[in-house]
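J.: Sequence and predicted model, in that order:
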Amino acid sequence: MVSDGADRKRGRLLVRRTIMSVVAIAAAFVAVVANSPPAGALPPPLVFLDEPFTGAQVQIPSQWVRPGLPAGQAGSNVACLTASANVSETPIPGCQSPAIDTAPNGTLRLTSAAVNLDGGASYAGTVPSAQGLDIRFNTYQYNGTGADGILFYLTGSDPMNPAPPSTLGPPGGHLGYSGGSAAPTGNGLGDGYLGIGLDAYGNYSNSSFDGTGCTNPTWVGSGARVPNQVTVRGPGSGTVGYCPLGSTAAGGGLSGSLRGAAGSTRATTLVPVEIAINPTAAVVTTSGIPSIPAYSYVVAISPLGGPTQYVTGGLPNAAAFEPSAWLEPATGIPYQLAMGFAASTGGSTDVHEVRNISVQPLFGNPAQTTLQLSDSAGGALVQGTPVVYTANGALTSAGGSLNQ
């Protein structure tokens with residue numbers, strides 16, 4: 001039998017342990033609150049990706065991979081960092097030793113100005129499409145004879161197992177994106193959604209580089225090159241699809257040039273690019289694009305010697321090419337998007353480089369939550385005195401806050 005004294009002692013011990021646990025929990029909540037934005041303030045804008053490619057290695061190595069080349073394609077992926085001398089660096093090696101550039105003056109070089117090269121780099125993860133995307137980067141094409149061009153791609157991905165494509169599509173006029181019967185033949189980029197080609201040579205805008213099932217706009221070259229254009233191709237799989245959606249050629253052609261003249265250098269060939277993806281019913285603007293229509297993409301390009309120009313079109317439905325579980329049912333837009341760059345040369349060449357990619361939501365401040373914990377004792381806990389805890393949550397957004 002336990003005495004009354006023992007019961008009281010055990011009770012006091014239990015109270016002390018309970019108070020200590022409550023204090024520990026409260027301290028954890030205080031730490032969360034201390035790191036939260038001030039009341040009424042918005043959290044900083046969310047950034048999915050920010051990589052300059054200017055150093056001796058990428059900032060976060062786990063964020064990048066070099067895809068393999070398509071089956072039957074000779075050679076290897078030649079993408080490299082010009083400010084690195086470590087030719088064994090992973091995931092993206094240095095171009096040569098000694099390095100071409102000193103950090104922080106480098107670039108991601110997709111190809112040099114040599115014949116029959118194929119290079120690319122992919123973001124190792126995926127980003128959600130629901131808040132839209134604002135994608136910006138700089139490109140450089142120079143010191144060659146004008147082929148082939150630079151590709152930026154977006155592909156669908158399994159939301160339960162997100163990953164980029166393991167291999168690029170065919171090089172040459174396909175720019176590593178489209179599949180089809182034009183040489184070099186082969187399957188296009190897996191689960192392709194949008195392929196934005198800065199097409200110097202002109203075969204990316206050529207109907208011979210379509211997959212099957214395309215009905216082409218009038219601006220598409222019927223088996224002929226359409227050089228110096230920014231062209232967008234849509235969803236595809238294997239050798240089906242990858243159809244032309246929009247191009248600067250539709251408005252009479254690009255005013256200015258995507259590449260420098262013979263003997264040009266990087267310093268004189270900067271072409272900035274901005275790509276906006278708007279999967280919502282709202283019309284949106286950015287600092288560089290005055291209007292992004294609902295359910296649309298916009299590509300803004302500032303070529304050499306010309307004004308900023310735009311390619312706009314409706315976001316395509318990928319239902320014919322990707323599993324339904326990957327897609328928003330009403331629009332067919334992939335829930336998760338992978339992305340990356342590719343470039344190639346053939347008998348004609350150019351140096352192809354990119355720098356300073358940033359990716360963030362088109363709607364700058366997605367909803368975020370904060371939680372504040374208070375107690376009826378004002379933090380001065382007294383043994384034996386009941387305490388009431390109150391948790392106040394808040395949902396913040398670009399338009400203000402909603403307390404719960």
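T.: All right, it came through fine.
J.: Low-confidence bits of the protein, can you list those?
T.: By pLDDT under 70, the weakly predicted segments of the chain are 1-44, 364-371, 393-404.
J.: the helices in it, which residues?
T.: 4-34 (DSSP state H).
J.: quick one: buried residues of stretch 136-145?
T.: Across stretch 136-145, burial judged by 16 or more other C-beta atoms under 10 Å covers 136-144. Glycine gets a C-beta too; all of them are placed from N, C-alpha and C.
J.: Any chance of CSV for the residues you listed, columns distance to Ser205?
T.: Compiled in CSV, the buried residues of stretch 136-145 are given as follows (distance: C-beta to C-beta, whole Å):
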residue, distance to Ser205
Arg136, 23
Phe137, 21
Asn138, 22
Thr139, 17
Tyr140, 21
Gln141, 16
Tyr142, 21
Asn143, 23
Gly144, 19
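J.: Closest one to Leu373 out of these, please.
T.: Each of the buried residues of stretch 136-145 was scored against Leu373 by C-beta to C-beta, and Arg136 proved nearest at 39.8 Å.
J.: wait, isn't the closest one in contact with Val273?
T.: Yes: applying C-beta atoms under 8 Å as the test, Arg136 and Val273 come out as touching, 7.0 Å apart.
J.: is Arg355 in a bridge, and if so with what?
T.: Asn138 (DSSP bridges).
J.: Touching, it and Pro52? I think so.
T.: Yes: contact criterion C-beta under 8 Å: Arg355 and Pro52 qualify, at 6.3 Å.
J.: Of those two, which one has the most company?
T.: Taking other C-beta atoms under 10 Å, Arg355 and Pro52 do not tie; Arg355 has more neighbours (20 against 17).
J.: ok, which stretches of the stretch 101-250 of the chain are strands?
T.: Assigned by DSSP state E, counting those that start in this stretch, the stretch 101-250 of the chain shows strands spanning 108-111, 118-123, 127-128, 133-142, 149-156, 192-199, 229-233, 236-237, 240-241, 244-247.
J.: which strands and helices sit next to the fifth one?
T.: Think strand 149-156. Here strand 149-156 touches strand 133-142, strand 192-199, strand 270-278, strand 336-344, strand 351-360, going by 3 or more C-beta pairs under 8 Å, 6 or more residues apart in numbering; DSSP states H and E.
J.: Recalculate using a threshold of 6 Å.
T.: strand 192-199, strand 336-344 (3 or more C-beta pairs under 6 Å, 6 or more residues apart in numbering; DSSP states H and E).
J.: contacting residues around it?
T.: Contacts of strand 149-156 from elsewhere in the structure, counted by C-beta atoms under 6 Å, 6 or more residues apart in numbering, are 139, 165, 175-177, 189, 191-200, 318, 322, 326, 334, 337-343, 352.
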